[in-house]
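Engineer: 3D model of this:
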Amino acid sequence: MDDLRGNLEWVIAENGRPGSPFFRKIDTAAIAVAGHSCGGMQAIILAQNPRIKTVIIHNSGIFPVVPDNPPLLMHRERLQGIHTPILFIVGGKSDIASKFAHDTFNGLPSVPAILISKELGHEGTFKAAHGGEVAQIAADWLDWKLGRSSTAQGRFQGKQCQLCNEPSWTIERKGAR
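Structural biologist: Okay, here's the model as predicted:
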């Protein structure tokens, strides 16, 4: 985890360093973290950073403590540091992480959160071209939450909520309209 935190600090520093290939190319006011499976647990840890503006958790949540693997020690207390909107994308009941995703979603503090689920299994649609439907949903979330699109929120909320009207998806909300 220290590597990931260090990488975040490094890229922000590179954004301000003349001569860097990243010089002034990163919007440091619009940083998101996302992860799939074990990467989702890492995203939960990084979500505590005050620079993070939104989080996407694919097929993951807080799994039971694995004492012989200290980097993956995940306690429910980790959720208390999350301060920003979070999207969970789950692969339905056949997703090995489904229960953990729902438990994590239900244990969140008072932050806007949406959990969507479709019977896709643990890999979702990542093997499809361009990551498939799940990747497009994640991109729409980022467009909405990072202020890139005023229409992307229609995928998740409102009278014409697209995901709400797609029978193959279920949607749950906490603190989100």
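Engineer: residue 96: what's it in contact with?
Structural biologist: Shown in contact with residue 96 (CB atoms under 8 Å, 6 or more residues apart in numbering): 59, 122. Where C-beta positions appear, they are placed from N, C-alpha and C, glycine not excepted.
Engineer: where does it fall, phi/psi-wise?
Structural biologist: Backbone torsions for residue 96, taken as degrees, to the nearest 10, come to phi -60, psi -30.
Engineer: what's the spacing between it and residue 141?
Structural biologist: 23 Å (CB to CB, to the nearest Å).
Engineer: surely residue 54 forms part of a strand?
Structural biologist: Yes - under DSSP: H, G, I helix; E, B strand; the rest coil, residue 54 falls within a strand.
Engineer: now do the helices in this protein.
Structural biologist: Under the criterion DSSP state H, helices of the chain are mapped to 2-15, 38-46, 98-106, 132-145.
Engineer: now tabulate the ones you listed in CSV and tack on mean neighbour count, mean pLDDT and distance to residue 175.
Structural biologist: Formatted as CSV, the helices of the chain follow (neighbours: other CB atoms under 10 Å; pLDDT from 0 to 100; distance: least, CB to CB, whole Å):
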stretch, mean neighbour count, mean pLDDT, distance to residue 175
helix 2-15, 13, 87, 25
helix 38-46, 21, 89, 17
helix 98-106, 18, 95, 11
helix 132-145, 19, 96, 14
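Engineer: the residue nearest to the spatial centre of the chain: what's it in contact with?
Structural biologist: For the chain, the residue nearest the mean C-alpha position is residue 56 (0.9 Å; CA atoms, centre = their mean). By CB under 8 Å, 6+ apart, residue 56 lies in contact with 32-35, 43, 86-87, 89, 138, 141-142.
Engineer: return the residues in contact with the closest residue to it other than its chain neighbours.
Structural biologist: Excluding the flanking residues, the one nearest residue 56 by CB to CB, 6 or more residues apart in numbering is residue 34, at 3.8 Å. Applying CB under 8 Å, 6+ apart, one finds that residue 34 lies in contact with 40, 43, 55-58, 138.
Engineer: ok, so of the residues you listed, who is nearest residue 111?
Structural biologist: residue 55 (9.0 Å; CB to CB).
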